[in-house]
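Engineer: Just need the structure, nothing else, for what follows:
(one chain, ligands or ions: 1)
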Amino acid sequence: MFIREDGCSLHIELEYPEKRQAKMPLVIVVHGFTGHMEEKHIVALSHMLNDIGCMTLRVEMYGHGQSDGEFQNHTLYKWLTNVTTVMDYAKKLPAVDRIYLCGHSQGGLLVMLAAAMFSDCIAGIIPISSAWMIPESARNGSLLGVSFDPQNIPDYLKWDGHILSGNYIRVAQQIDVENTMDRYRGPVLLVHGTGDDAVPFERSKMAAERYAHAECVLIEGDTHCFDHHLDQMVDAVRT
Ligand code: FER
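Structural biologist: All right, here's what the predicted structure looks like:
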């Protein structure tokens with residue numbers, strides 16, 4: 001189904017456990033950069049959570065999947081605004097007793113930022129392969145293997161046939177992830193494959209050290225999207 005945010009539609013999928021309770025936890029699950037809600041690691045997480053009695057809400061952010069917006073125009077501010085719309089929707093669901101935020105890669109960064117905004121509304125966050133170095137990389141002039149002058153931001157970043165507005169970089173440069181880590185005191189579970197060549201797994205270890213209440217589970221040798229041991233990643237979240 002779709003929910004509306006001002007003039008934009010956001011594509012969401014709400015799923016229930018087979019045995020519904022009067023009140024259940026809800027986990028909101030967010031894809032990464034260029035991702036969508038049908039990716040195998042997103043679906044596997046969501047369905048495992050249904051199996052253990054959680055409702056899940058897979059969401060597609062601005063410029064991704066079936067949601068409105070052009071990919072090239074998406075920014076982390078737009079995604080954060082999307083989170084406020086999704087949270088308004090989730091908080092009104094009558095069967096929800098608490099809300100967790102789970103996100104992969106850029107979606108992992110997103111839930112880390114959202115945790116500080118919604119610390120009073122959520123029970124925990126689960127950043128997977130979290131790409132929380134993006135703001136730092138934007139300030140250092142290197143994203144997606146493309147170098148640029150961080151003081152003179154190009155109109156567009158082009159790589160592998162994709163195109164991304166320079167506004168993505170302008171926004172990312174403003175974001176202080178460490179500050180949001182310090183402001184969120186709730187539980188955090190980070191999961192990361194040690195063979196991830198898109199985001200170094202050390203990032204999740206660093207985040208776990210900085211958060212007040214965090215655990216980091218490493219999946220030996222696995223990739224950014226858990227091509228080898230998806231079951232181990234999903235089991236870590238289940239546990
Ligand atoms: C980057 C490295 C990783 C980047 C984005 C990502 C925009 C995100 C990956 C993902 O969400 O899967 O340099 O720049």
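Engineer: okay, CA-based contacts and neighbour counts for the rest of this
Structural biologist: Fine.
Engineer: Name the residues of this structure found near the ligand, please.
Structural biologist: By C-alpha under 6 Å from any ligand atom, the part of the chain that sits against the ligand consists of 32, 33, 105, 106, 131, 134, 143, 144, 198.
Engineer: residue contacts, the fourth one?
Structural biologist: By that I understand residue 106. 31, 32, 33, 130, 131, 132 (C-alpha atoms under 8 Å, 6 or more residues apart in numbering).
Engineer: Quick check, pLDDT for the nearest residue to it once chain neighbours are set aside.
Structural biologist: The spatially closest residue to residue 106, leaving aside those adjacent along the chain, is residue 32, at 4.6 Å (C-alpha to C-alpha, 6 or more residues apart in numbering). Turning to residue 32, the model gives it a pLDDT of 98.
Engineer: Contact partners for residue 32?
Structural biologist: Shown here is residue 32, whose contacts under the criterion C-alpha under 8 Å, 6+ apart are 103, 104, 105, 106, 107, 108.
Engineer: ok, how many other residues are close to the second one?
Structural biologist: Residue 104 has 27 neighbours, counted by other C-alpha atoms under 10 Å.
Engineer: Show me the beta-bridge partners of it.
Structural biologist: In this structure, residue 104 bridges to residue 128 when assessed by DSSP bridges.
Engineer: In this structure it contacts residue 130, no?
Structural biologist: Yes. In terms of C-alpha atoms under 8 Å, residue 104 counts as a neighbour of residue 130; the distance is 6.2 Å.
Engineer: Once you drop chain neighbours, what's closest to residue 204?
Structural biologist: Nearest one to residue 204, counting by C-alpha to C-alpha, 6+ apart, is residue 190 at 6.1 Å.
Engineer: ok, that neighbour to residue 126 distance?
Structural biologist: Applying C-alpha to C-alpha, to the nearest Å, the value for residue 190 to residue 126 is 6 Å.
Engineer: May I ask which helix or strand encompasses the residue nearest the centre of the chain?
Structural biologist: Within the chain, one residue has its C-alpha closest to the average C-alpha position: by C-alpha atoms, centre = their mean, that is residue 107, at 1.7 Å. Using DSSP states H and E, residue 107 sits within helix 106-117.
Engineer: okay, now residue 179: neighbour count?
Structural biologist: Taking other C-alpha under 10 Å as the neighbour definition, residue 179 ends up with a count of 11.
Engineer: any idea of the angle the longest helix seen in the chain forms with helix 106-117?
Structural biologist: Longest helix in the chain by number of residues, with DSSP state H as the criterion: helix 76-91. Put simply, helix 76-91 runs at 70 degrees to helix 106-117, going by axes from the mean of the first three to the mean of the last three C-alpha atoms, to 10 degrees.
Engineer: Let me see the mean pLDDT of helix 76-91.
Structural biologist: For helix 76-91, the mean confidence score works out to 98.
Engineer: Great, nothing more from me.
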